[in-house]
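>>> structure for the following, please:
(one chain, ligands or ions: 1)
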Amino acid sequence: MKLKKTVQVSLAALASIAAMTAQAAEVEVLHYWTSGGEAKSAGQLKEIVKEAGYGWKDFAVAGGGGENAMTALKARVIAGSAPTAAQIKGPSIQEWGKEGVLANIDEAAIAGKWDEALPKVVSNIMKYQGHYVAAPVNVHRVNWMWANAEVLKKAGVNTMPANWDAFFDAAEKIKKSGALVIAHGGQPWQDATVFESVALGIGGVDFYKKALVQLDPASLTGPTMIKTFETLAKIKTYIDKDAAGRDWNLATAMVINGKAGFQFMGDWAKGEFAAAGKVPGKDYLCAAAPGTDKAFTFNIDSFVMFAQKDADAKKGQLALANAIMNPKFQAIFNLNKGSIPVRTGVPKTRFDDCALKSMDDLDSTSKNGGLVPSFAHGMAIDSAKAGAFQDVIAKFMNSSMTPQAAVQALAKAAKAK
Ligand code: GAL
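Model (predicted):
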């Protein structure tokens, strides 16, 4: 009798200690989601991790496109104190794998049947040497053009321009109406975002792949790339003088509040429109960037897991991985983020028309070859080459560099190591 009672008491004590430890364990997550829509989405991840019984230590580093975040991450890894997980994408995952600092999260992936839930092109990116080291949250489409419906209407622009000639016609009308034509932030990654949509619209899918994925020297320096830079030079004339250094979400705000007509930006911009209570099709319009309707530049956000020594920390890490792949989470996260779910089994209800178009286009382009990785968002080439490309494009945007000089500089950048 007495023995039984003692056992019961100790079991209760053990259970409460276990609960305390579970509560004490926390995951530290590095991300760069600090704008309105992004912060809402990050908050959803925090919530679901908390529901699973783990604390959340926020390691947010402001700076669109994540350059500042990557610098902060490198410093922490070198100091031997890597966070639990960090927002890293594309070929960079392989670069981190080679450093020998990542965690194997196959346990979560096998239990959650990730191989079945993810397209193969995605699961391959998430694995290093055949083992899962990262969990994907979404699919962003980069080749979007956003517009303020009222600004276009006032200027007499009745449809979203489907090619660059139509775009420049619309641009002239908007300019005459007194509004700014293009809201842009002069930061290298934003310059690169516009550049890749122009290259895709001017040259088409095969050119894009040859030039920006395979880095074929003839495509990098040929007439189509020259035309791409000529188009970019024309685009420059419709951007305001204060664009230098402007954050992307501030540029989106200029479209939201009717200061500007258009923005070329990935669909995280939709997160800003949504956070401001704007309705697609009514307050704002979305269309593929001119000439890119049959293509889809993909950008998949993922969290890479870093090796942990402590058993509790490892458990927390697996819980985080499970949370990211949870279908309920993928729905609510992507509704706020502007992206679409990356896994199967997430209901389409509540997604708006822009998201549904993204889903349809992802489906069709993955069948007809129009699905291409975004170079500007670290999905196409290694980070050294992508950085060197961005430098060339930024220089072109901020100087009187000629298209001829720019293509030669690109070909040189393609050899960066
Ligand atoms: C992208 C990232 C998005 C969004 C954007 C602006 O590279 O994939 O999730 O955060 O940058 O920061």
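
>>> what residues does this structure put near the ligand?
32, 33, 38, 64, 65, 66, 140, 248, 268, 299, 301, 377 (CB under 6 Å from any ligand atom). Any C-beta I mention is one placed from the backbone N, CA and C, and that applies to glycine too.

>>> in the protein, what residue is nearest the ligand?
Proximity of the chain to the ligand (CB to the nearest ligand atom) peaks at residue 64, 3.6 Å away.

>>> from residue 174, how far off is that residue?
Look at residue 64 and residue 174: by CB to CB, to the nearest Å, they are 25 Å apart.

>>> how about stretch 360-374 as PDB, C-alpha atoms only?
What follows is stretch 360-374, C-alpha atoms only, in PDB (Å, rounded to 0.1, in the frame of the first residue of the first chain):
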ATOM      1  CA  ASP A 360      -2.600  26.700 -61.100                       C
ATOM      2  CA  ASP A 361       0.500  28.200 -62.700                       C
ATOM      3  CA  LEU A 362       2.800  26.100 -60.500                       C
ATOM      4  CA  ASP A 363       0.900  23.000 -61.600                       C
ATOM      5  CA  SER A 364       1.000  23.800 -65.300                       C
ATOM      6  CA  THR A 365       4.600  25.100 -65.500                       C
ATOM      7  CA  SER A 366       5.900  22.100 -63.600                       C
ATOM      8  CA  LYS A 367       4.400  20.000 -66.400                       C
ATOM      9  CA  ASN A 368       5.400  22.200 -69.400                       C
ATOM     10  CA  GLY A 369       8.900  23.200 -68.400                       C
ATOM     11  CA  GLY A 370       8.100  26.800 -67.400                       C
ATOM     12  CA  LEU A 371       9.000  26.300 -63.800                       C
ATOM     13  CA  VAL A 372      12.400  28.000 -63.200                       C
ATOM     14  CA  PRO A 373      14.400  28.700 -60.000                       C
ATOM     15  CA  SER A 374      14.700  32.400 -59.000                       C
END
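
>>> list the buried residues for it?
361, 362, 365, 370, 371, 372, 373, 374 (16 or more other CB atoms under 10 Å).

>>> and if you look at stretch 376-394?
376-381, 385-394.

>>> ok, now stretch 311-327?
Buried residues in stretch 311-327 (16+ other CB under 10 Å): 313-326.

>>> in helices, which of the residues you listed appear?
313-325 (DSSP state H).

>>> make a markdown table out of those and add pLDDT.
As requested, these are exported to a markdown table (pLDDT from 0 to 100):
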| residue | pLDDT |
| --- | --- |
| 313 | 95 |
| 314 | 96 |
| 315 | 96 |
| 316 | 97 |
| 317 | 98 |
| 318 | 98 |
| 319 | 97 |
| 320 | 98 |
| 321 | 98 |
| 322 | 97 |
| 323 | 97 |
| 324 | 98 |
| 325 | 98 |
